[in-house]
Each structure stands twice: as C-alpha cells, then as structure tokens.
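Asks: Turn this into a structure:
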Amino acid sequence: MKAYLANGLFSLGDRFVNEQLAAAIREAAPGIALYVPQENEAINDKSAYADSLAIAQADLEMLQDSDVLIAVLDGVEIDSGVAAEIGAFSMLNRPIIGVLTDVRQQGRDNMQKIEALIRDGLENQFVYRNLFVVGLIKRNGVITSSIEEAVKAIQKLQNGEAS
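Replies: Sure thing, here's the model as predicted:
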C-alpha cells in the first residue's frame, strides 16, 4: 500500500508531528510506502530552489500514485496546502484518513458547553473545521483524534477492511 502524509512542514511543531506520525505508521504498517513531503529534499530543501510548478508536479504525482491520504487537520485552520491535497486526492475517490488531535474535541457531551453555545455563539468551546473539507474526507474516509487511531485506520485499510 502506498500512502501520502499531508501536513504543514515549515514549523518545528509540524515537522515534529510529521516525524512522529510517520514513525508510528511505518512501525505499525510494515511494507507501507509512505511519502512524507518534508523528506523530499528535491523540492523541500529550502536552502535550494524549487518553483511552484515543480512543487505542484512532484506532490501531484505522489498523490496520484497513493492508495490513501493521511491528512493532519490540526492548527488554527487546516493548512492551506493540506486542504489543497485533500481536494485533489478526493477526486480520485480513494480513502482519506484525517488526523485531528485538537483537545477542544474533548467534552463534546458536556451539556454546559452545548448550552453556552446555544445561548451565545461566541462561547464556542469546540473546534471548527471547514465543512467542505470535512465532507471530502468523510466521503471515502474517516477523521481520527489521535496518532494511535490514525494508525489503526491505516492497518484496517492494509488488511482490506473499510475505514
């Protein structure tokens, strides 16, 4: 199985998450061919030069060659590159595994939070994600809330089970 890991890659935090997620996937899913864009020095060595067309071409080729997209949805908003990768990959009708670890997901059954939101929309205690992007993921995939859940979803796909 070939997989593509989509996340931001410019901050220390993003690169660290990518390294941790990639290591967990590679350990739990032997034989997976995992493409992590930050590992592609040809387009992501920022001391060198790659123009927008070279970056788009390289990443689109890897997306088209992948069986599954693993997309990190964390951050203030979904990273714009990740959202674009989700959009492009969704056109292939292949599974997408979203990874949203934001702690604001916790307590979704807390009635105080729900009642506060109903009283005042500015008292939103929950995380918002663009519903179009969420819908593209849900069409053929799943949104997980941890690295461990994401790895289990990948293992299910590797074993031929639906996500």
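
Asks: so where's the longest helix in the chain?
Replies: Longest helix in the chain by number of residues, with DSSP state H as the criterion: helix 12-28.

Asks: residue nearest the centroid of the protein?
Replies: Note on the chain: the residue nearest the mean C-alpha position is residue 71, at 1.2 Å, using C-alpha atoms, centre = their mean.

Asks: Neighbouring strands - and their directions - for the helix or strand that contains that one?
Replies: Per DSSP states H and E: residue 71 is located in strand 68-72. Sheet partners assigned to strand 68-72 using DSSP bridges are listed as strand 2-6 (parallel), strand 96-99 (parallel).

Asks: Tell me which residues are up against the last one.
Replies: Outside of strand 96-99, the residues that reach it under the criterion C-beta atoms under 8 Å, 6 or more residues apart in numbering are 21, 68-74, 86, 89-90, 134, 136-137, 140-144, 146-147, 149-150, 153-154, 157, 163. For glycine as for every other residue, the C-beta is placed from the backbone atoms N, C-alpha and C.

Asks: Now, of those, which are buried?
Replies: For these, a burial check counting by 16 or more other C-beta atoms under 10 Å picks out 21, 68-74, 86, 89-90, 134, 136-137, 140-144, 147, 149-150, 153-154, 157.

Asks: where's residue 2 relative to residue 14, distance?
Replies: According to C-beta to C-beta, to the nearest Å, residue 2 and residue 14 sit 22 Å apart.

Asks: wait, what's in contact with residue 130?
Replies: 77-78, 83.

Asks: rerun that using 10 Å as the cut-off
Replies: Applying C-beta atoms under 10 Å, 6 or more residues apart in numbering to residue 130 gives the contacts 73, 77-78, 83, 86, 136.

Asks: now swap in residue 92 and tell me
Replies: Neighbours of residue 92 in contact, by C-beta under 10 Å, 6+ apart: 63-64, 66-67, 69, 140.

Asks: want to throw the residues you listed into CSV with pLDDT and distance to residue 54?
Replies: Compiled in CSV, these are given as follows (pLDDT from 0 to 100; distance: C-beta to C-beta, whole Å):
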residue, pLDDT, distance to residue 54
63, 97, 15
64, 98, 16
66, 98, 19
67, 97, 24
69, 98, 21
140, 94, 29
